[in-house]
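> quick one: sequence and predicted model below, then my questions.
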Amino acid sequence: MTIADMAKSAKLASIQLASASTEHKNKALLIIAESLESRKDEIIHANAQDVKRSTDEALAAPLLKRLAFGADKINDVVQGIKDLVGLSDPVGDVKLARALDEGLDLYQVTCPIGVIGVIFESRPDALVQISTLCLKSGNAVMLKGGSEALLTNRILADIIEKATLDAGIVPGWIQLLETREDVGAMLGLDQYIDLIIPRGSNAFVKYIIQNSDIPVLGHADGICHSYVDESANLKQAVELVFDSKTQYVAVCNALETLLVHESVAKEFLPMMAEKFKEKSVKLNGCAVTQSIIECMPATEETYKTEYLDYEISIKVVSDIEAAINHINTFGSGHTDAIITENAAHAKDFMMLVDSGNVFWNCSTRFSDGFKYVFGAEVGISTNKIHARGPVGLEGLIIYKYKVIGHGHIAADYATGKKHFTHTENKQIDSPYL
């Protein structure tokens, strides 16, 4: 089957899936969860082969950690599916009800987007999360994971497809792509695919945008910042920065740049450098930082770098305005945090930093659809339209306007025979919704 055939099949399936009941979708999700548990040994075996091949090819240790999909991670995704079942169905929610005139009623009702193409990294759990979120929101999905997870992705897609067929879900709603050539072919199928969500570098997202007419929900670089303000609790700041950077380095919400107010830099930076030694974090700092602690020189390029490893950029700034300006200049609009005991500073920071997620006195690692109780996420969007931040169920729906009349014609209103009443807060009682 060609990629065009797969996309066409997904498009046809999406039309029927859009009308699936909440009960039907939840039944399918529970069967997926049961199937993942019953075929756990097969999944682990396939993943072991992927890990061995990637180890032989010298894949970086943090990326190997992402790739590994053992019993604990399988249990986590199964629990995530069960949690997803408990969430409200985002489809069919009436956002607006208005009587344009007596017997002529306007409704704004949520509906699925249609067919979503998702290109994601070598994380097998992402395949499960993305596909189940799409199912719950009534969308068909075309999935392209990292080549390192080839065998794991195959068995997971097979399990999900078979489970949903057993549940009576329309076939063709889930499609698995495996090569770069497949991605290239998908980019030209705007007649079938409604949205592409690429997870990767800024350059990769730009490539997708420039080479396709399909709308793109960009999840670009995760160049996340923590700013240690002059009013910060420095002991707390050390723990927050350490967690943000090292709790899991190979993820988009890990800290990449540390900003420190000049008045606390001489006290804080030695404390932080000592803590970073626990994980052998490589330090790159500005001239002021280099005069305080041992580190490599930081450059404009390092401040634009998403390391995804035990490495960080550091800059000493003169005030909160300089910190905000640095973030808005070099950041990717992902997640940025301020550490301070000054509420006014925190308010200014959270208002002025132009990012999808802005935090006060907590780790950047909380920027996550699962932690936000969004039913996990298909990605974190740095866009400013449709959806921003962690994209869960609500980010996978759009809306349509439904107008229900009783023989109403526009000519009557043009001639003055009839007049609009535009009554708000109309009771939602139509059987057609």
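Looks like it arrived, so ask away.
> what sits up against stretch 123-131?
32, 36, 43, 47, 66-67, 69, 73, 76-77, 80-81, 118, 120, 141, 143, 145-146, 149, 152-153, 156-157, 160, 174, 199, 370, 376-378 (Cβ atoms under 8 Å, 6 or more residues apart in numbering). C-beta here means a position set from N, CA and C on the backbone, and glycine is covered the same way.
> and it, which residues are buried?
123, 124, 125, 126, 127, 128, 129, 130, 131 (16 or more other Cβ atoms under 10 Å).
> next one: stretch 92-100
97, 98, 99, 100.
> now swap in stretch 31-45 and tell me
31, 32, 33, 35, 36, 39, 43, 44.
> dump these into a markdown table; add secondary structure, pLDDT and distance to residue 419 as well.
Converted to a markdown table, the buried residues of stretch 31-45 look like this (DSSP: H, G, I helix; E, B strand; the rest coil; pLDDT from 0 to 100; distance: Cβ to Cβ, whole Å):
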| residue | secondary structure | pLDDT | distance to residue 419 |
| --- | --- | --- | --- |
| 31 | helix | 98 | 54 |
| 32 | helix | 98 | 53 |
| 33 | helix | 98 | 55 |
| 35 | helix | 98 | 58 |
| 36 | helix | 98 | 59 |
| 39 | coil | 97 | 64 |
| 43 | helix | 97 | 64 |
| 44 | helix | 97 | 69 |
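> show me which pair in the residues you listed is furthest apart.
31 and 44 (20.3 Å; Cβ to Cβ).
> strands of the stretch 101-250 of the chain, start to end?
Here the stretch 101-250 of the chain has its strands, by DSSP state E, counting those that start in this stretch, at 104-112, 115-119, 140-144, 174-177, 195-198, 224-228.
> just the buried residues of stretch 92-100 now: which is nearest residue 308?
Using Cβ to Cβ, the buried residues of stretch 92-100 come closest to residue 308 at residue 97, 46.8 Å.
> didn't that closest one look like it was pressed against residue 402?
No: contact between residue 97 and residue 402 fails when scored by Cβ atoms under 8 Å: they sit 10.0 Å apart.
> joint contacts of these two?
What both residue 97 and residue 402 touch, as defined by Cβ under 8 Å, 6+ apart, is the set 106, 107, 108.
> what about the last one, how many neighbours?
Which is residue 108. By the measure other Cβ atoms under 10 Å, the count of residues near residue 108 is 14.
> quick one: contacts for it?
Contact partners of residue 108, counting by Cβ under 8 Å, 6+ apart, are 94, 95, 96, 97, 399, 400, 401, 402.
> how about a cut-off of 6 Å?
95, 96, 399, 401 (Cβ atoms under 6 Å, 6 or more residues apart in numbering).
> try residue 225
257, 259, 327, 331, 336.
> direction included, what does the helix or strand of the chain with the lowest mean pLDDT pair against?
Ranked by mean pLDDT, DSSP states H and E, the helix or strand of the chain with the weakest confidence is strand 379-381, at a mean of 77. Strand 379-381 sits in its sheet next to strand 389-391 (antiparallel), going by DSSP bridges.
> next SSE downstream of the strand it pairs with?
Following strand 389-391 in sequence order, the next helix or strand is strand 397-404 (DSSP states H and E).
> which strands and helices lie in contact with that following strand?
Applying 3 or more Cβ pairs under 6 Å, 6 or more residues apart in numbering; DSSP states H and E, one finds that strand 397-404 makes contact with strand 104-112.
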